[in-house]
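J.: Here's my sequence, what's the structure:
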Amino acid sequence: MDPVRALKEIAFWLERDDAPTYRVRAFRRAAEVVEGESGIARRVESGTLTDLQGIGRTTAKVIEQAHRGEVPEYLGELRAEARTPEEGRALREALRGDCHTHSDWSDGGSPIEEMAETARDLGHEWMVLTDHSPRLTVANGLSADRLRRQLDVVAELNERLAPFRVLTGVEVDILDDGELDQDEDLLAELDIVVASVHSKLRMESRAMTRRMCAAVRNPHVDVLGHCTGRRIRGQRRPQSAFDADAVFEACAENGVAVEINSRPDRLDPPRELIRKALGLGCRFSIDSDGHAPGQLDWLHNGCARAEQCGVPADRVINTRTADRLLRSRRAPAE
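T.: Next up, the predicted model:
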């Protein structure tokens, strides 16, 4: 077994299991070291792997076992422990892509190509790359110039990965007045735009409602991201206050999908709001919001919640082919 692939697969399963970042980084760093080292076989034979900076006892054992053609014990344990819940399985299998993903161009941990290859290996036909917009400096948001450079990178990558497609996009900040944090002309060039609130989440309800409705009515917006902004794990954060009826009616009228965010620390929106959006005629986008390859496999979380709330597959935009998705942008829900 190739040691680099073994190390990266271990990192994938750890990311999928939401393991601490330092553990994931240890295996990804070791994979980088092995890729850049020409004398790995010699070091395995001489027992000097741990002399390399970035290789510890655990990662060295994985490398040694993979080099011998074995499935490393640790990898075998992770594979055996991996479980995909039955709930939501049919909907998960119907998904053709993911409308909300990040790369190391903003606050993700891996290159675009690795994210795309993982999405492809998970059975997807496409993914939308939605790195952050410039105002979110803590997430290394993309200026207009950087985003334009990214479009060129995506175009070149698509030539190599075809028929898999990386659709161009952005997770654009919804500013305090409902305007969007990116040039309108540039937004018009993108395949999919996810609009999310990341600041002043405790804004008074009426002002937040106006803010969100204004963003949803922007003709470039396709998906309303993690609409309540809540965090239910780690640094917890209560959900924002807004008139859900008004916001979801605006989504339905303007053909904007309500995101069902699959991150374990978000699971946003709550089930009662998913049911409300469904009753008001909204479409949905079940997204990973993945910032690392293993996180792309979090979609089962959103699928289970959608199933619990009675969301049918034909109301989920990422059950569509890429071409149909783009043709039906912002069309009012049936």
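J.: residues in contact with Asp17?
T.: Leu78, Gly294 (C-beta atoms under 8 Å, 6 or more residues apart in numbering). Where you see a C-beta, it was placed from the backbone N, CA and C, and this is true even at glycine.
J.: Can you check the pLDDT for it?
T.: Note for Asp17: predicted pLDDT of 95.
J.: Please report phi then psi for it.
T.: Here is the backbone geometry of Asp17 (degrees, to the nearest 10): phi -90, psi 10.
J.: likewise the one 4 residues further on?
T.: The main-chain torsion angles of Thr21 are listed as degrees, to the nearest 10 and equal phi -60, psi -40.
J.: Could you give the number of residues near it?
T.: 12 (other C-beta atoms under 10 Å).
J.: try Ser328
T.: 13.
J.: likewise Leu147?
T.: What Leu147 shows, counting by other C-beta under 10 Å, is a neighbour count of 24.
J.: Likewise for Asp121?
T.: Counted with other C-beta under 10 Å, the neighbours of Asp121 add up to 13.
J.: cool, Ser46 as well?
T.: Residues near Ser46, counting by other C-beta under 10 Å: 10.
J.: Just the C-alphas of stretch 32-46, formatted as PDB.
T.: This file holds the C-alpha atoms of stretch 32-46, laid out as PDB (Å, rounded to 0.1, in the frame of the first residue of the first chain):
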ATOM      1  CA  GLU A  32       3.900  15.800   2.800                       C
ATOM      2  CA  VAL A  33       7.200  14.700   4.300                       C
ATOM      3  CA  VAL A  34       7.000  11.300   2.600                       C
ATOM      4  CA  GLU A  35       6.100  12.900  -0.700                       C
ATOM      5  CA  GLY A  36       9.200  15.100  -0.600                       C
ATOM      6  CA  GLU A  37      11.600  12.500   0.600                       C
ATOM      7  CA  SER A  38      13.400  10.300  -2.000                       C
ATOM      8  CA  GLY A  39      15.000   7.900   0.500                       C
ATOM      9  CA  ILE A  40      11.900   6.600   2.400                       C
ATOM     10  CA  ALA A  41      12.600   2.900   1.600                       C
ATOM     11  CA  ARG A  42      16.200   3.200   2.900                       C
ATOM     12  CA  ARG A  43      14.900   4.900   6.100                       C
ATOM     13  CA  VAL A  44      12.300   2.200   6.600                       C
ATOM     14  CA  GLU A  45      15.000  -0.500   6.300                       C
ATOM     15  CA  SER A  46      17.300   1.400   8.700                       C
END
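J.: Run the chain-centre distance for that stretch.
T.: Centroid separation between stretch 32-46 and its chain, computed with C-alpha atoms, centre = their mean, to the nearest Å, is 33 Å.
J.: now do stretch 199-218
T.: 23 Å.
J.: same thing with stretch 160-168?
T.: Computed by C-alpha atoms, centre = their mean, the separation of stretch 160-168 from the middle of its chain amounts to 16 Å.
J.: Is Val256 in contact with His220, as I believe?
T.: No - contact criterion C-beta atoms under 8 Å: Val256 and His220 do not qualify, at 10.4 Å.
J.: And these two? Which one has more around it.
T.: Legend: neighbour count by other C-beta under 10 Å for Val256 and His220, higher for Val256 (29 against 21).
J.: residue ranges for the strands of the stretch 201-334 of the chain, please.
T.: 223-224, 257-261, 284-287 (DSSP state E, counting those that start in this stretch).
J.: among these, which is nearest Thr118?
T.: Minimum separation from Thr118 across these (C-beta to C-beta) falls at strand 284-287, 15.0 Å.
J.: if you compare the strands of the stretch 201-334 of the chain, which one is most tucked away?
T.: The highest average neighbour count among the strands of the stretch 201-334 of the chain, using mean count of other C-beta atoms under 10 Å, belongs to strand 284-287 at a mean of 29.
J.: That one packs against which elements?
T.: For strand 284-287, the contact count by 3 or more C-beta pairs under 8 Å, 6 or more residues apart in numbering; DSSP states H and E identifies strand 97-101, strand 257-261, helix 271-279, helix 299-308 as packing neighbours.
J.: Point out where this structure drops to low pLDDT.
T.: The chain contains residues with pLDDT under 70 at 332-334.
J.: residue ranges of the helices in it, please?
T.: 3-16, 21-35, 40-46, 57-67, 73-81, 89-94, 112-121, 144-161, 184-189, 205-217, 244-254, 271-279, 299-308, 322-327 (DSSP state H).
J.: Include distance to Leu224 when you put those into a markdown table, please.
T.: Listed next are the helices of the chain as a markdown table, based on distance: least, C-beta to C-beta, whole Å:
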| stretch | distance to Leu224 |
| --- | --- |
| helix 3-16 | 26 |
| helix 21-35 | 28 |
| helix 40-46 | 48 |
| helix 57-67 | 41 |
| helix 73-81 | 35 |
| helix 89-94 | 20 |
| helix 112-121 | 22 |
| helix 144-161 | 20 |
| helix 184-189 | 15 |
| helix 205-217 | 6 |
| helix 244-254 | 6 |
| helix 271-279 | 9 |
| helix 299-308 | 14 |
| helix 322-327 | 16 |
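J.: Between the strands of the stretch 201-334 of the chain, which one is closest to Arg149.
T.: strand 223-224 (23.5 Å).
J.: got the contact list for the closest one?
T.: Everything outside strand 223-224 that qualifies as a contact, by C-beta under 8 Å, 6+ apart, is 99-100, 192-196, 212, 215-216, 247, 251, 256-259, 285, 287, 317.
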